[in-house]
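Trainee: This is a predicted model, with the sequence first.
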Amino acid sequence: MDLKNKVVLITGASRGIGAASARIFASVGAKVALVARTTAQIETLAADIGPNAIAISCDVSLYEDVVAAIARTEETFGPLDVLIGNAGSLDPISHMADADPDMWGKTIDVNLKGVFNGMRAAMPDMIKRGKGTIITVSSGAAHGPVEAWSSYCASKAGAYMMTRCADLEAREKGLRIMGLSPGTVATDMQREIKASGINPVSKLEWSDHIPPEWPAQTLVWMCSADADEFRGLDVSLRESDIRKRVGLI
C-alpha cells in the first residue's frame with residue numbers, strides 16, 4: 001500500500017508505540033488521527049507533525065467515543081484506510097487472589113472491548129468500500145500466561161481471537177486484519193513492570209527492550225502486500241526473519 005494521503009487512525013497515540021507510529025506514518029505521507037483519553041500530549045504531537053495530523057480525545061472502552069473519533073477523522077481527512085488498535089493497559093500487576101476487581105475489569109474494557117469497538121466502528125464502511133487495514137497491537141501474553149498479568153494475558157488472548165474472527169468474516173470482503181506482537185518495548189509501561197518486581201519480565205534490563213520506533217516501522221510494513229500472509233495472525237517482532245523483512249536488521 002502506498003500510504004501517501006491514506007487516512008490512519010491510531011489509538012493510544014499519546015506515547016510509546018502509538019506516538020512513534022504517528023510520526024512514522026506521517027513521514028511516509030499518511031494523514032494521521034491521534035486518539036487518546038487525554039489530549040495534552042496528542043495535541044502537542046499533532047502540532048509538531050503539522051496539518052496532516054489531528055488530535056482526538058476518545059476513551060476506546062466507550063463505543064460511542066470510538067464512533068465519534070472515526071467520524072471526526074473522516075470529516076477532516078476522508079474515509080478511513082487504516083486503523084491501528086494500540087491503546088492498552090496492564091493494570092493490575094497483581095496475583096489473581098489479590099487483584100482489584102474494578103481495575104481488572106477496566107483493563108478488559110480497554111484491551112478487549114476497545115479492540116472490538118474499533119473494529120465494529122470501522123469495519124462496515126471498509127466492507128462497503130471493499131478495502132481497509134486493521135492492525136491490533138498484540139503481545140506474547142496473548143499466547144502464554146505470565147505471572148501477575150492475568151487481566152493483560154486474558155484481554156490480549158481475547159483480542160487475538162477477535163483478530164482471527166474478524167479476518168474470517170471480512171477477508172473475502174477486501175479487508176486486511178492482523179496483529180503485531182512486538183516483544184518488550186522501551187516504553188513507560190516497561191518502567192511500571194520493572195517497578196513491580198514480579199515475574200521474569202520485570203528483571204530485564206532497559207537495554208533488553210527494543211525502541212518503540214521498531215514496532216512503529218513494522219506497522220507501516222504490515223500495511224503493504226508483503227505482509228498479506230499474516231492476515232488473521234500475529235506478526236512477531238521477536239523473529240529475526242520479520243526484522244529483516246521490515247528492514248530493522
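Mentor: Nice, I can see it.

Trainee: Now do the strands in the chain.
Mentor: 7-11, 31-36, 53-57, 82-85, 132-137, 175-181, 234-236 (DSSP state E).

Trainee: what's the nearest residue to Ile210 if we skip its chain neighbours?
Mentor: Ranked by C-beta to C-beta, 6 or more residues apart in numbering and with sequence neighbours excluded, the top spatial neighbour of Ile210 is Val185, at 5.6 Å. In this view, the C-beta of every residue, glycine as well, is placed from N, C-alpha and C.

Trainee: Pull the number of nearby residues for the one you found.
Mentor: By the measure other C-beta atoms under 10 Å, the count of residues near Val185 is 20.

Trainee: Repeat that for Asp241.
Mentor: Asp241: 9 neighbours (other C-beta under 10 Å).

Trainee: how much space between it and Ile134?
Mentor: Using C-beta to C-beta, to the nearest Å, one gets 24 Å for the distance from Asp241 to Ile134.

Trainee: With Asp91 instead?
Mentor: Counting by C-beta to C-beta - Asp91 and Ile134 are separated by 25 Å.

Trainee: between those two, who's got more neighbours?
Mentor: The neighbour comparison of Asp91 against Ile134 (other C-beta under 10 Å) goes to Ile134, with 24 against 16.

Trainee: tell me the contacts of the more buried one?
Mentor: If a contact means C-beta atoms under 8 Å, 6 or more residues apart in numbering, then Ile134 has 82-83, 85, 118-119, 122-123, 126, 166, 175-178 as its contacts.

Trainee: Let's have these in a markdown table, adding neighbour count and pLDDT.
Mentor: Listed next are the contacts of Ile134 as a markdown table, based on neighbours: other C-beta atoms under 10 Å; pLDDT from 0 to 100:
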| residue | neighbour count | pLDDT |
| --- | --- | --- |
| Val82 | 25 | 98 |
| Leu83 | 29 | 98 |
| Gly85 | 30 | 98 |
| Gly118 | 27 | 98 |
| Met119 | 24 | 98 |
| Ala122 | 24 | 98 |
| Met123 | 19 | 98 |
| Met126 | 24 | 98 |
| Ala166 | 21 | 98 |
| Leu175 | 22 | 98 |
| Arg176 | 24 | 98 |
| Ile177 | 26 | 98 |
| Met178 | 23 | 98 |
